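Trainee: Fold the following.
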Amino acid sequence: MTQLPIIDLSGLALSDPTLSDPTLSDPTLLDPTLSDPALLDQDQSGLDNNPGLQDIAAKISLAMQNSGFMYIRNHGINDSTIARLKEHQLAFFALPDSDKSKIAINQHNRGYLGPGKARMHGAKKHDQKEVFFWGAELAEDHPDRVAGLPLCGPNQWPDHPAGFRDAVLQYAHEIGECGNRLLKAMAVSLGADANFFEPYYQSSMLRGQ
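Mentor: Below is the predicted model:
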């Protein structure tokens, strides 16, 4: 396997160093059993003008051929959006179980799942994690909801903390835009037109936990 260059990871996820993961500031702290990662600088200009798009596509192609994975930085998600989401996330999980259980996970896999409520296939013990599941906000008359497709029901939002829904959906919007830009670069990396994948992603596939 051709070794990929190690690029400074200090700006991997966030431009604000106070919000970034300190374990990623030094490439030597990465798991030595993994292949060296490719780190793609996905700034807005690189995806909006043709030379930058071609350059990123070439790097994606190289990364996929040599390691099969990559990191990206300058992803376009605002630091304030991430910080706001983290603040609301911590506040929600700090609530009493009785409050969180008011939006217990439903048949659409949306809502709160408490510790000991899930067990992976083949596992002997239940997970001790707690999770809030959410997905794309689809209107009641959306074709996927009308058709009763799995995982396409309405979200369940907690009453507290105030602003939780807005914080999650703002993050969802920004990460969705990041995904759309990456799709263009991936299409070009495969020798296709930048908009090749667009017809296949007309409905949001966003899901989070």
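Trainee: Next up, the contacts around the spatially most central residue of the chain.
Mentor: Nearest to the mean C-alpha position of the chain, by Cα atoms, centre = their mean, lies I175 at 6.1 Å. By Cβ atoms under 8 Å, 6 or more residues apart in numbering, I175 lies in contact with 77, 206. Where C-beta positions appear, they are placed from N, C-alpha and C, glycine not excepted.
Trainee: Buried ones in stretch 87-103, by neighbour count?
Mentor: 88-89, 91-92, 95, 100, 103 (16 or more other Cβ atoms under 10 Å).
Trainee: which residues in the protein form helices?
Mentor: 44-48, 50-66, 79-93, 97-100, 143-146, 164-189 (DSSP state H).
Trainee: Lowest average confidence across those helices, which one?
Mentor: Lowest mean pLDDT within the helices of the chain: helix 44-48, at a mean of 47.
Trainee: My guess is C152 contacts P143. True?
Mentor: No. In this structure, C152 is not within contact of P143 by Cβ atoms under 8 Å, at 9.3 Å.
Trainee: quick one: which of the two has more around it?
Mentor: Neighbours were tallied for C152 and for P143 using other Cβ atoms under 10 Å; the higher tally belongs to C152 (19 against 11).
Trainee: what separates A94 from P161, distance-wise?
Mentor: As for A94, its distance to P161 is 9 Å (criterion: Cβ to Cβ, to the nearest Å).
Trainee: same question, T81
Mentor: 16 Å.
Trainee: shouldn't S61 be in contact with S189?
Mentor: Yes. The criterion here is Cβ under 8 Å, and S61 meets it with S189 at 4.2 Å.
Trainee: neighbour count winner among the two?
Mentor: S189 (20 against 16).
Trainee: For A58, give its distance to P150.
Mentor: From A58 to P150 the distance is 38 Å (Cβ to Cβ).
Trainee: Among the two, which residue is more densely surrounded?
Mentor: Using other Cβ under 10 Å as the criterion, A58 and P150 rank with A58 on top: 13 against 9.
Trainee: Now that one: closest residue in space that isn't a chain neighbour?
Mentor: S189 (7.1 Å; Cβ to Cβ, 6 or more residues apart in numbering).
Trainee: now the buried residues of stretch 87-103 as JSON lines including distance to P115?
Mentor: As requested, the buried residues of stretch 87-103 are exported to JSON lines (distance: Cβ to Cβ, whole Å):
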{"residue": "H88", "distance to P115": "20"}
{"residue": "Q89", "distance to P115": "16"}
{"residue": "A91", "distance to P115": "18"}
{"residue": "F92", "distance to P115": "15"}
{"residue": "L95", "distance to P115": "14"}
{"residue": "K100", "distance to P115": "11"}
{"residue": "I103", "distance to P115": "16"}
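Trainee: Kind regards, and thank you for your time.
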